[in-house]
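Engineer: no FASTA, just this:
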Ligand SMILES: Cc1cc2nc3c(=O)[nH]c(=O)nc-3n(C[C@H](O)[C@H](O)[C@H](O)COP(=O)(O)O)c2cc1C
């Protein structure tokens, strides 16, 4: 059977893949004496288009929705259930508009660029989105591609007759599944070999953004791990090589179920077999556009690793409550978090510069830290099935009542011992007096860490000028050494953590920025990490933004840019 084949081929190549991926990680580290291999020059005119479209595919516009409706941001964490809405053109539109759609166009002089609810390294947006829609009013059954710059769907495959699903009771109907994929070339164009890391960070940001938007509709976004990469690529039509440009390959990342909160996802082997059959006999439309006509450089390593991290079909992991820290924050929410969650999703931005004199209150700081704990009932962590393998080291610069310095927050119990064993021996590991008692938050060193944070984050001032910055340490070699594809999981979890930080910062009137550029081993040396049990895989910074008044801001969808035009 298809899935069995997939499992066997994965076992055979598991060893080689592990070596490929561990070597890749080592080779793509930034060092003080040199960055990971990337293009020597950038041809800005040939920047890959961030907009995928399938010329010839029937288009299905989605109606734009108001952003000031729905629950407030604070309500998403209040424990009160939000009534789950049925899927129809309004709710599908809301789901996409407040997670993955454009949020604004920016203009400076003659340059104009778009921003989205989900951030992306270099604003290059490698993530693509597909929907599988069955028995939803107003839609033909089939596979759709989400065309971001027009906020519309393109029908990639019209399923012939979905009766079979009904007859064999293969799934509850209506059915809405979402598929994510990445086009690594978009990132490799600018970042060369390190690009694959960024595609997976971006995937994590997109998944978390989806989880938050689904929560405003009383729904959950839950990844379906029981389908492996090969079957996923078939399901999304990515293996139809004649319809894509070979040097702009698109790789399947993840299938996500969207269903009322608290329900289990609908996956069964028979459902996926039936969907694959529908793809096989369906009517396909469209051809992927050319994203970049020039391709001055080639980065074969990126495609090699993209293939080495294909995941097998596997059961979804169970999070065990005992692995986590019980308790929750009782402090009052910040007044700004009473605004509509959707408004907040649209206003999320990356800060370009911070006011170094700003301070964060300790209530806001500890609430923000608390929201990073992977509690399975809250967004975005309801979208993460694996236990938290990302742990935090914070460079506190200016938080009221907290001495500047380095602090640690393991995100599950077992990691506290790992961190104590792996980090420098001379650290304090002091319990912080004014931290909530349930929060696993420890002081490591008292110091002014602004310069160190800046230097380690590729000399970027934002890492030193904020109220804090942080490094995300992944449980690394034991995890990736056993299963190469977990490499993707780790970067994706780091991206989800980043999205939580972005929104939490926004909800208290501050702002965040993801930091993919940092000097890997110098971070490890600073923390005293000698082996590779823990590796820093993403940085983040939060502070009071200084906005650039020269930039004009335009509405996301009143523009005339077209989905079907050139590759610029
Ligand atoms: C994974 C990732 C890494 C990033 N790395 C950096 C960085 O090193 N420095 C920086 O200034 N911005 C960084 N950013 C911010 C992006 O440049 C920003 O998301 C993008 O320009 C889109 O702008 P927006 O976030 O305001 O929508 C990063 C963002 C992501 C998601």
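Structural biologist: Yep, it's here. A quick note: this is a predicted structure, and the numbers were derived from the prediction, not measured. Numbering: from 1, shown residues only.

Engineer: Run the contact check for stretch 21-36 versus the ligand.
Structural biologist: No. No part of stretch 21-36 sits near the ligand under the criterion CB under 6 Å from any ligand atom; the closest distance found is 10.2 Å. Every C-beta, even on glycine, is put in place using the N, C-alpha and C of the backbone.

Engineer: quick one: that stretch to chain centroid distance?
Structural biologist: Its chain's C-alpha centre lies 22 Å from the corresponding centre of stretch 21-36 when counted by CA atoms, centre = their mean, to the nearest Å.

Engineer: start to end distance for it?
Structural biologist: 15 Å (CA to CA, to the nearest Å).

Engineer: Now that stretch: buried residues?
Structural biologist: Taking 16 or more other CB atoms under 10 Å as the basis for neighbour counts, the residues of stretch 21-36 that come out buried are 21-22, 24-25, 28-30, 35-36.

Engineer: Quick one: those as CSV, columns for pLDDT and distance to residue 325 too.
Structural biologist: Written out in CSV, the entries for the buried residues of stretch 21-36 read as follows (pLDDT from 0 to 100; distance: CB to CB, whole Å):
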residue, pLDDT, distance to residue 325
21, 98, 31
22, 98, 31
24, 98, 33
25, 98, 29
28, 98, 33
29, 98, 32
30, 98, 33
35, 97, 37
36, 97, 35
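
Engineer: Which member of those residues is positioned nearest the ligand?
Structural biologist: The ligand has its nearest neighbour among the buried residues of stretch 21-36 in residue 30, at 10.2 Å by CB to the nearest ligand atom.

Engineer: Excluding covalently adjacent residues, which one is nearest to the closest one?
Structural biologist: Nearest residue to residue 30, sequence neighbours excluded (CB to CB, 6 or more residues apart in numbering): residue 519, at 5.1 Å.

Engineer: And residue 517, by the same measure?
Structural biologist: residue 458 (3.9 Å).

Engineer: Provide a list of residues in contact with that neighbour.
Structural biologist: 30, 515, 517-519 (CB atoms under 8 Å, 6 or more residues apart in numbering).

Engineer: Using JSON lines, lay out those residues together with distance to residue 99 and secondary structure.
Structural biologist: Formatted as JSON lines, the entries for the contacts of residue 458 read as follows, by distance: CB to CB, whole Å; DSSP: H, G, I helix; E, B strand; the rest coil:
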{"residue": "30", "distance to residue 99": "30", "secondary structure": "strand"}
{"residue": "515", "distance to residue 99": "22", "secondary structure": "strand"}
{"residue": "517", "distance to residue 99": "26", "secondary structure": "coil"}
{"residue": "518", "distance to residue 99": "27", "secondary structure": "coil"}
{"residue": "519", "distance to residue 99": "32", "secondary structure": "strand"}
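
Engineer: Output the below-cut-off pLDDT ranges for the stretch 51-200 of the chain.
Structural biologist: Within the stretch 51-200 of the chain, the stretches falling below the threshold (pLDDT under 70) are 168.

Engineer: For it, which residues are neighbours of the ligand?
Structural biologist: Within reach of the ligand by CB under 6 Å from any ligand atom, the stretch 51-200 of the chain has these residues: 115, 119-123, 198.

Engineer: since we're on the residue of the stretch 1-150 of the chain found nearest the ligand, how many residues are nearby?
Structural biologist: Using CB to the nearest ligand atom, the single residue of the stretch 1-150 of the chain nearest to the ligand is residue 119, 3.1 Å away. A count of nearby residues for residue 119, using other CB atoms under 10 Å, gives 23.

Engineer: Surely it touches residue 204?
Structural biologist: No. Between residue 119 and residue 204 no contact is recorded; they are 10.7 Å apart, counting by CB atoms under 8 Å.

Engineer: what is in contact with these two at once?
Structural biologist: What both residue 119 and residue 204 touch, as defined by CB under 8 Å, 6+ apart, is the set 498-499.

Engineer: what mean pLDDT would you report for stretch 318-335?
Structural biologist: The predicted model gives stretch 318-335 an average pLDDT of 76.

Engineer: buried residues in it?
Structural biologist: By neighbour count, and taking 16+ other CB under 10 Å as the criterion, the buried residues in stretch 318-335 are 319, 324-325, 328-329, 333-334.

Engineer: Can you give the distance of that stretch from its chain's centre?
Structural biologist: The gap between the average C-alpha position of stretch 318-335 and the chain average comes to 22 Å, counting by CA atoms, centre = their mean.

Engineer: Any chance you could list what contacts it?
Structural biologist: Judged by CB under 8 Å, 6+ apart, the contacts made with stretch 318-335 from elsewhere in the structure are 74, 363-364, 366-367, 370, 373-376, 385-388, 412-414, 436-440, 507-509.

Engineer: if you set the cut-off to 6 Å instead, what comes out?
Structural biologist: By CB atoms under 6 Å, 6 or more residues apart in numbering, the surrounding residues in contact with stretch 318-335 are 74, 363, 367, 370, 376, 387, 412-413, 436, 438, 440, 508.

Engineer: now that we have the residues you listed, which one has the most neighbours?
Structural biologist: residue 367 (24 neighbours).

Engineer: Contacts only, for that residue.
Structural biologist: Listed by CB under 6 Å, 6+ apart, the contact set of residue 367 reads residue 329.

Engineer: The chain should start at 15 in everything you say after this.
Structural biologist: Happy to do that; since the first residue is 15 now, the last one works out to residue 381.

Engineer: From residue 375, how far out is it?
Structural biologist: Counting by CB to CB, to the nearest Å, the gap between residue 381 and residue 375 amounts to 10 Å.

Engineer: Then residue 228?
Structural biologist: With distances defined as CB to CB, the gap from residue 228 to residue 375 amounts to 30 Å.

Engineer: the more surrounded of those two?
Structural biologist: The neighbour comparison of residue 228 against residue 375 (other CB under 10 Å) goes to residue 228, with 30 against 15.
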